[in-house]
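**Q** Need a 3D model of the sequence below.
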Amino acid sequence: MIKLTNIHKSFGNLDVLKGIDLEIQVGEIVSIVGASGAGKTTLLQIAGTLLKPDQGTVLIDNTDVNTLPPHKLADFRNKHIGFVFQFHHLLPEFSALENVCIPALIGGKNKKETEKRATELLGFLNLSHRLNHKPSELSGGEQQRVAIARALVNNPSVIFADEPSGNLDSKNREELHTLIHKLRDSFGQTFIIVTHDETFASLSDRIIGMKDGIIFKHENSNTI
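**A** Model (predicted):
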């Protein structure tokens, strides 16, 4: 699904990633853990095509994404990749349904079909009664589920999530943990998640530990 080879990234004199090699299989839920400054988010952004490495290759579905020109990379990202962030980045002037539709409409998909798909996703996430509510009218957990529906609307191969449970209370964190497994089992997506949440990480298929810009451990979660 994803293969990173010899990934290096520096910002000025700071070496953030120092030769990362990582393979992630189709349908796998992988958590990336480590202290602040370990390079987790930079690795996630490179794997998700938001940032280019200084050195190394990124293959997603056998496509070398670093060789794509900007317009083709943007199209590839829109069709194959979904993102969920700690801060939901929902557009405040649009309803939940409209927020979910935006990536598909940007990709040129039919509006009627997009609205049907978005409505089905929000129903799957138990938000059928919130379709026309704006973000300010939703709880934190509901906003996160809208953000997840938005990430799924184009049926991407892989979902990248950066601290998705960081702003949620314990009840909503537990619901999110359950939901991600349910989504993987229902839709077959691969999930790569940066998290400080040890409970969340322990429920992943695999845990990747990072320290000082390198990967120092791979562990199946059932060994934790």
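**Q** and the spatially most central residue of the chain, backbone torsions?
**A** In the chain, the residue lying closest to the centroid (CA atoms, centre = their mean) is residue 160, at 1.7 Å. Torsion angles at residue 160 (phi, psi; degrees, to the nearest 10) stand at phi -100, psi 130.
**Q** Quick check: it touching residue 77?
**A** No: in this structure, residue 160 is not within contact of residue 77 by CB atoms under 8 Å, at 10.3 Å. C-beta: built from backbone N, CA, C; applies to glycine.
**Q** residues shared between the contacts of these two?
**A** Common neighbours of residue 160 and residue 77, using CB atoms under 8 Å, 6 or more residues apart in numbering, are residue 48.
**Q** what does stretch 121-137 contact?
**A** By CB under 8 Å, 6+ apart, the surrounding residues in contact with stretch 121-137 are 88, 90-97, 99-100, 119, 138, 142-143, 145-146, 148-149, 152-153, 179, 186.
**Q** what about residue 42, which SS state?
**A** Secondary structure, DSSP: H, G, I helix; E, B strand; the rest coil: residue 42 is helix.
**Q** which strands and helices sit next to the top helix by length along the chain?
**A** Looking across the chain with DSSP state H, the single longest helix is helix 170-187. Secondary-structure packing of helix 170-187 (3 or more CB pairs under 8 Å, 6 or more residues apart in numbering; DSSP states H and E): strand 29-33, helix 140-152, strand 190-194, helix 198-202.
**Q** Save these as a markdown table, and put in mean neighbour count too.
**A** Output for the helices and strands packed on helix 170-187, formatted as a markdown table (neighbours: other CB atoms under 10 Å):
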| stretch | mean neighbour count |
| --- | --- |
| strand 29-33 | 23 |
| helix 140-152 | 23 |
| strand 190-194 | 24 |
| helix 198-202 | 17 |
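**Q** Could you tell me the least trusted of these?
**A** Comparing mean pLDDT across the helices and strands packed on helix 170-187, the weakest is helix 198-202, with a mean of 79.
**Q** How far off centre is that one?
**A** Distance of helix 198-202 from its chain centroid, counting by CA atoms, centre = their mean, to the nearest Å, is 16 Å.
**Q** same deal with stretch 135-152?
**A** A distance of 14 Å separates the centroid of the chain from that of stretch 135-152, by CA atoms, centre = their mean.
**Q** just checking, residue 208 touches residue 23?
**A** No: at 10.7 Å, residue 208 does not count as touching residue 23 under the criterion of CB under 8 Å.
**Q** The two - which one has more neighbours?
**A** residue 208 (24 against 12; other CB atoms under 10 Å).
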